[in-house]
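S.K.: Following is a predicted model, sequence given first.
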Amino acid sequence: MDKINECVSVSGKLTVFFEDPFWVGVFERVSDGKLSVCKVTFGAEPKDYEIYAFILKNYYHLRFSPAVAADVKEAYRNPKRIQRDVHKQTENVGIGTKSQQALKLQQEQFKTERKIVNREQREMEKERRFELKQQKRKEKHRGR
């Protein structure tokens, strides 16, 4: 019995993005030139360590789609270039789309308006209490 050791290439990729109203992760697995995909809903925005823990705990329980033939390009990539690309991707932590930026701006405007209204209400309540106190003092002074 001759056993031939074959080198099987397996690669994986995880893409995390915001799909209103949840954060979603798409796992892609390419094995023997076939692509399988699995979609996972995270809910709130996951931190890097939460994603890592999720992968360690749940990767082998994920239900991947049936394998589909995929064009696998075996191109050599310089490790330094890969590292630069990863750094660029992780550096962009701001809100991405224009609609999300608009929503964030609207939320900040509501926040400032709410602060102004609350400050005015506090001042009015303080003034009302002061007037009430002054009125009580006048009534005491009159002997009532």
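M.R.: Noted; the coordinates are in hand.

S.K.: Leu14 reaches Phe27, doesn't it?
M.R.: Yes: contact criterion C-beta atoms under 8 Å: Leu14 and Phe27 qualify, at 5.5 Å. Just so you know, the C-beta spots here come from the backbone N, C-alpha and C atoms, and that holds for glycine as well.

S.K.: which residues are contacting stretch 112-124?
M.R.: Residues from elsewhere that reach stretch 112-124 (C-beta atoms under 8 Å, 6 or more residues apart in numbering): none.

S.K.: Give the buried residues for that stretch.
M.R.: Buried residues in stretch 112-124, counting neighbours by 16 or more other C-beta atoms under 10 Å, are absent.

S.K.: Check stretch 50-62 too.
M.R.: Neighbour-count burial for stretch 50-62, counted by 16+ other C-beta under 10 Å, picks out 51, 54-55, 62.

S.K.: again with stretch 22-39
M.R.: Buried residues in stretch 22-39, counted by 16+ other C-beta under 10 Å: 23, 25, 27-31, 35-36.

S.K.: Report the beta-bridge partners for Phe27.
M.R.: Phe27 has the following beta-bridge partners by DSSP bridges: Leu14, Cys38.

S.K.: Who is the closest residue to Ala69 other than its chain neighbours paired with across the strands?
M.R.: Distances taken as C-beta to C-beta, 6 or more residues apart in numbering place Lys34 nearest to Ala69, at 6.0 Å, with adjacent residues excluded. Assessed by DSSP bridges, Lys34 has beta-bridge partners Ser31, Ala69.

S.K.: just checking, Lys34 touches Ala67?
M.R.: Yes: counting by C-beta under 8 Å, Lys34 touches Ala67, with 3.6 Å between them.

S.K.: how about the strands in the protein?
M.R.: Counting by DSSP state E, the chain has strands at residues 10-19, 22-31, 34-43, 68-69.

S.K.: closest one to Ile82 among those?
M.R.: strand 10-19 (12.5 Å; C-beta to C-beta).

S.K.: And the contacts of that closest one?
M.R.: For strand 10-19, contacts defined as C-beta under 8 Å, 6+ apart pick out 23-31, 42, 45-46, 51, 55, 72, 96, 100.

S.K.: one more time with 7 Å, if that's ok
M.R.: Strand 10-19 is contacted from outside by 23-31, 46, 51, using C-beta atoms under 7 Å, 6 or more residues apart in numbering.
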